[in-house]
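**Q** What follows is a predicted protein model with its sequence.
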Amino acid sequence: MLKILGYVILIQGVLGFGGLVLRDRAMGFVHTFADVPPAGYLALTLVGGLLAFWPARTGER
């Protein structure tokens, strides 16, 4: 479940940052709720990437 959430956050971060850099306005869904600076979108991308690609530990060995 965290992996799916990570992908969603990663995509929103990439869309927001890419929109601000290429089109001078944020794209995606996050900008409808808050005015996020470019560094915030990069942070969203980093957190989403960590959640999506970090190996999950289930406790089983």
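**A** All right, it came through fine. Numbers count the residues shown, from 1 in each chain.
**Q** how would you label residue 19: helix, strand or coil?
**A** Under DSSP: H, G, I helix; E, B strand; the rest coil, residue 19 falls in the helix class.
**Q** Relative to residue 56, how far out is it?
**A** In this view, residue 19 and residue 56 are 30 Å apart by C-beta to C-beta, to the nearest Å. For the C-beta atoms, the positions are set from N, CA and C on the backbone; glycine is no exception.
**Q** The two: which is more packed in?
**A** The neighbour count for residue 19 versus residue 56, taken as other C-beta atoms under 10 Å, is higher for residue 19 (17 against 8).
**Q** wouldn't that one be in contact with residue 27 here?
**A** Yes - taking contacts as C-beta atoms under 8 Å, residue 19 lies within contact range of residue 27: 3.4 Å.
**Q** and residue 40, how many neighbours does it have?
**A** With other C-beta under 10 Å as criterion, residue 40 counts 16.
**Q** Spatially, and excluding backbone neighbours, which residue is closest to it.
**A** residue 16 (7.9 Å; C-beta to C-beta, 6 or more residues apart in numbering).
**Q** No more questions from me, cheers.
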